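>>> sharing a sequence plus its predicted fold:
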Amino acid sequence: MEQKYDIIIIGAGPAGTLTGKLCAKKGLKVLILEKRPEIGAPKRCAEGIGLPDLKRIGYTGKERFVTQAIDGGIVITPNGGTIEMPKEPGGYILERKVFDKFIAYDAAIAGAKIYTKAHVFDLIWAGGKIAGVKLTYNGEQKDVYCKIVIAADGVESKIARIAGLPSGNTPKTIESGYQYEMANIDIPDPHKIYTYLGNDIAPRGYIWIFPKGSHIANVGIGIGNPNGKTAKYYLDKWIAGKPEISKGSIIEENSGGIPIGGFLESMTTDNFLAIGDAAHQVNPLHGGGLAESSFSAEIATEVIIDTIKSGDTSNSALDRYNKLWWEKRGKNLKKIEKIVHLLEKVTDSDLNLAQSSLCGQDILDLTEGKTHKLIRIMLKNPRLATLVKYLK
């Protein structure tokens, strides 16, 4: 391992490796460090991605990391009512253990140097500014220097906190997730994803079925405010009441935190920036971060290239990353975060009532921060009308 690089990226998830690939393609000397022995494992994701987002990352949907094509979805309300999502633009369920490696392969081919089992435990400071990282690799401690350090180490980002960013999560900005990959289950249409709503089954969250084949799927839950009960408790209880699911076998179990907001006003400091889950860059309504990582990698790369070329990697120069991200992504994600806070106050009866007035496109609009239809529905209901203020 060499001692000096242009940028060091901590974390080899999609946010880190995408940024590394783009920067390496521009001729920067890039080091990517992953603490785990294998990139992509264990997965902490339902593994879904929309077709436009996959194309933005540089893939077609024909790669071997794709397990199932998806042409829409079904949202199930507490009373069993359904809302069918549009078939277009479609998407895929991935095998993240393969997908993440594909991006890492491409980053390496572009010129980035990647090490696994490389644990970064601290930052190097010089003159009060970040100058590199301290890590252990092969049982040895190493100091490696660079012009910019990038924290891409996930939702619990230790490195962002060491750098001084307020990246911690609160009960309002994170959910608890638990997921089984299951085989020999029955899925009504294995080319659709299924989302189940209800405060009894998933308080401040939802249950999902993301098919990976005709009888294979990720079956999971994300919840907030669990009243002392775990996400696994709620998921197991729901599965027990679904014979078509409970008859299946569990192939893999995953758990972890799911960021749903708490966006950082500033994701930078001198010679440092955070990206991906480490910067809370997710869609708060469904917790998806793959698409946001692709947007952020492009924005970060543009700013990193310019600052390194100019020789000024100070916070004032890197602040352009904050401004561009908030302009292109953050403002709209903040609107979506308001929708999430509103939905926390909605009862199951409200959801059942709204179901007859909502179509799949309306749900898709909500995931993009468009609230006009929702507001019209709420204003017709005296109780819901009092909640419109949470969207402003």
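Noted; the coordinates are in hand. Residues are numbered from 1 along each chain as shown.

>>> where does the prediction get shaky in the stretch 151-300 of the chain?
225-226 (pLDDT under 70).

>>> just the helices in it please.
Remark: helices assigned in the stretch 151-300 of the chain by DSSP state H, counting those that start in this stretch are 158-162, 231-240, 243-246, 290-310.

>>> wait, Asn254 sits on Ala41?
No. Here Asn254 does not reach Ala41: they are 10.0 Å apart, not a contact under CB atoms under 8 Å. (C-beta placed from N, C-alpha, C; glycine too.)

>>> those two: which has the busier surroundings?
Neighbours were tallied for Asn254 and for Ala41 using other CB atoms under 10 Å; the higher tally belongs to Asn254 (18 against 14).

>>> OK, contacts around the residue lying closest to the more buried one once chain neighbours are set aside?
Spatially, and ignoring its direct neighbours in sequence, Asn254 is nearest to Gln179 (4.7 Å; CB to CB, 6 or more residues apart in numbering). Contacts here follow CB atoms under 8 Å, 6 or more residues apart in numbering; on that basis Gln179 touches Ala46, Asn218, Val219, Gly220, Ile221, Leu235, Glu253, Asn254, Ser255.

>>> how about the contacts made by the first one?
If you count contacts by CB under 8 Å, 6+ apart, Ala46 has them with Gln179, Trp208, Phe210, Asn218, Gly220.

>>> skipping adjacent residues, who's closest to the last one in space?
The shortest distance from Gly220 to any residue other than its chain neighbours is 3.1 Å, reached at Gln179 (CB to CB, 6+ apart).

>>> please report how far Asn381 lies from Leu366.
With distances taken as CB to CB, to the nearest Å, Asn381 is found 17 Å from Leu366.

>>> which of these two has more neighbours?
Neighbours were tallied for Asn381 and for Leu366 using other CB under 10 Å; the higher tally belongs to Leu366 (20 against 14).

>>> got the confidence number for that one?
Looking at Leu366, its pLDDT stands at 88.

>>> show me what contacts it?
Counting by CB under 8 Å, 6+ apart, Leu366 has contacts Leu285, Ile336, Ile339, Leu374.

>>> can you get me a residue count around the nearest residue to Ala41 once chain neighbours are set aside?
Distance criterion CB to CB, 6+ apart; nearest residue to Ala41, sequence neighbours excluded, is Lys97 at 5.1 Å. The local packing of Lys97 (other CB under 10 Å) involves 16 other residues.

>>> sec struct for Lys97, please.
helix (DSSP: H, G, I helix; E, B strand; the rest coil).

>>> my read: it touches Arg36, true?
No. With contacts counted by CB under 8 Å, Lys97 stays clear of Arg36, the gap being 11.3 Å.

>>> please enumerate the helices of the stretch 1-150 of the chain.
Using DSSP H, counting those that start in this stretch, helices in the stretch 1-150 of the chain cover 14-25, 51-57, 96-110.

>>> distance check, the closest residue to Asp53 other than its chain neighbours against Glu265.
Of all residues not flanking Asp53 in the chain, Ala291 sits nearest, at 3.9 Å (CB to CB, 6+ apart). For Ala291, the distance to Glu265 equals 22 Å [CB to CB].
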